[in-house]
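> here you go, sequence then predicted model.
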Amino acid sequence: GPGGASLTGPVTLKLARAENSTLARLADGPLQLAGQLVADGSGRAALNGLSLAAPGLALKGSASLAGSAIMVNAGGTTQMLGPVQLAASGTLARPALRIALPRPGYGLRDVTANVDGSDAGWQLALAGGSPAGPFRAAGQIVSGAGPLAIAVDTLSIAGLTGQGRVVQTAAGPFAGRFALAGSGLDGEAVLDDAEGVQRIHLLGKGRAARLALDTPITVDSADLDLTILLPAEGPQAKGTVALAGVERGSLWVEQVEARLAWAAGKGDARFSMKGQSDAPFALAGSVALAGDDISIAADGSYDGRPLRLATPAVLTRVAEGWRLAPATLTTGEGSATLSGIYGQRQSWQARFDKVSLGLVAAFYPSIDLAGRLSGTLDITVDEGGAPRGIAALKVNGLSRTGVATSSRPIELGVNANLAPQGSIVKAVVVRAGAVEGRVQARLGAAIPVELAMTDGEPGVASALARRKAAGVTRLLLLPLYPQFSATT
């Protein structure tokens, strides 16, 4: 073409390892970039059918360059962050990057990141959902004249607001302070240079604090003191956490204490807690951390009866997320064995033998039920949210346990066969040896289902928000409390 040679043809670029540390972690191995190059010799070029593949990611899209103007659109999946959509525009001198992460893990969802180039460096804006509710943050990275600086202009989450600024020292580590306060909580992260090593000191205090979650949490007092060092050989951490008077619904935790020590890729944490749900409980244990493995040992009591892990529960980081090896929790009168995978795809296997429903109430206080659960379940939930698997469960002596309510006990049996194309659920209710009712339900394919709790997580507000965002205009509510569904 005029002004230069035209080029057309396939392009393949292979990298044994990405130089950028973030990209290297995402790729988790060799990278291959491929596409169809079209260049007309006038400063315009396009890479059509672009693909970026590695053990840890797979992206497809297109890219173009016209003079200094750039345009990139790509989407795909990563093992670390799940599905991702990328869009870049602007110029080489001032690019604008948009990143969307629907399910990046760690309880986060629908995270968006906007990164805009400027004369001074980069402007950043983040937003999304978290277990603590929606969050927003805005800041900048100053990389022009002078030392590198990172500033958080605004941060908001769960009624807390924060801001701060750190500047890179001549020795390399950053120095400065980030602060977070509100709702009775005050915390700060102080960064400084510890003989050429980055040190981060996390301090936090809470007095009569209240976190505005779906189910609010109040805390009489909270204290955090944690020091983190980041030497070249790996991070180190040491600190303590103490909580008192924690209330969530009808769950009351009188006291929690924990200590952490971590160095050379290994660590140890010890914890103890006691409180009251529908009955008093106490628990103490330890957590051993080594590479991709977490081992948890614990024992205590519930309602005066022993409660312990028969053997340590072992969690291992795998490509799909975290895998729990079979772990058995024993009580004075029953046991539960649980195993599975938690990540973008969830898969759980469980076996129950006369497990008190009071234990469930300790974690979900709104479930004011008594009875003993036996049976098995094997359930998988894929990234699309469609469950599949089987459940065969029986509850003996099911009744309400609330102070202001009571009910005569029943026997409840449930068998379920779940599949994306359709599910079948059968149940039978027996009282005093006589069958009082039978239920058989068939659920068609492609019916989205959300679990929501009035006093727990996931909460009703967040579940409704997700259905609204998905374009749902009609809802069918199915109450699961026996006092509302008339099963007792």
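In hand now; what should we look at?
> which SS class is residue 468?
Here residue 468 is recorded as helix under DSSP: H, G, I helix; E, B strand; the rest coil.
> report pLDDT for the closest residue to residue 196 other than its chain neighbours.
With CB to CB, 6 or more residues apart in numbering as the criterion, residue 196 has its nearest non-adjacent residue at 5.1 Å, and that residue is residue 171. Using the backbone N, CA and C atoms, a C-beta is placed for each residue, glycine as well. For residue 171, the model assigns a pLDDT of 91.
> swap in the one 10 residues further on?
The model reports residue 181 with a pLDDT of 94.
> pull the contacting residues for residue 438.
Applying CB atoms under 8 Å, 6 or more residues apart in numbering to residue 438 gives the contacts 426-429.
> ok, now residue 235?
The contact partners of residue 235, by CB under 8 Å, 6+ apart, come to 228-229, 262.
> next: residue 242.
Residue 242 touches 221-223, 255-258, counting by CB under 8 Å, 6+ apart.
> and if we set it to 7 Å?
223, 257 (CB atoms under 7 Å, 6 or more residues apart in numbering).
> partners of the strand or helix carrying residue 110, with directions?
Assigned by DSSP states H and E, residue 110 belongs to strand 109-117. Strand pairing for strand 109-117, determined by DSSP bridges: strand 95-101 (antiparallel), strand 121-129 (antiparallel).
> now the ones you listed as JSON lines including distance to residue 248 and mean pLDDT?
Shown next, in JSON lines, are the strands paired with strand 109-117 (distance: least, CB to CB, whole Å; pLDDT from 0 to 100):
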{"stretch": "strand 95-101", "distance to residue 248": "28", "mean pLDDT": "92"}
{"stretch": "strand 121-129", "distance to residue 248": "19", "mean pLDDT": "91"}
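> so which of those strands is nearest residue 400?
strand 121-129 (33.0 Å; CB to CB).
> count the residues that sit near the nearest residue to residue 15 once chain neighbours are set aside.
Spatial nearest neighbour of residue 15, chain neighbours left out: residue 31 (4.3 Å); criterion: CB to CB, 6+ apart. Using other CB atoms under 10 Å, residue 31 has 21 other residues around it.
> contacts only, for residue 285.
By CB under 7 Å, 6+ apart, the contact set of residue 285 is 271, 296-299.
> now the helices: where do they sit in the stretch 301-450 of the chain?
358-363 (DSSP state H, counting those that start in this stretch).
> could you list the low-pLDDT ranges of the stretch 201-350 of the chain?
In the predicted model, the stretch 201-350 of the chain carries pLDDT under 70 at residues 214, 344.
> please repeat the previous calculation with a cut-off of 50.
Residues of the stretch 201-350 of the chain meeting the criterion pLDDT under 50: none.
> tell me where the model's unsure across the stretch 51-200 of the chain.
Residues of the stretch 51-200 of the chain meeting the criterion pLDDT under 50: none.
> which stretches of it form strands?
57-66, 69-78, 82-90, 95-101, 109-117, 121-129, 135-142, 149-157, 160-168, 174-182, 185-194, 197-211 (DSSP state E, counting those that start in this stretch).
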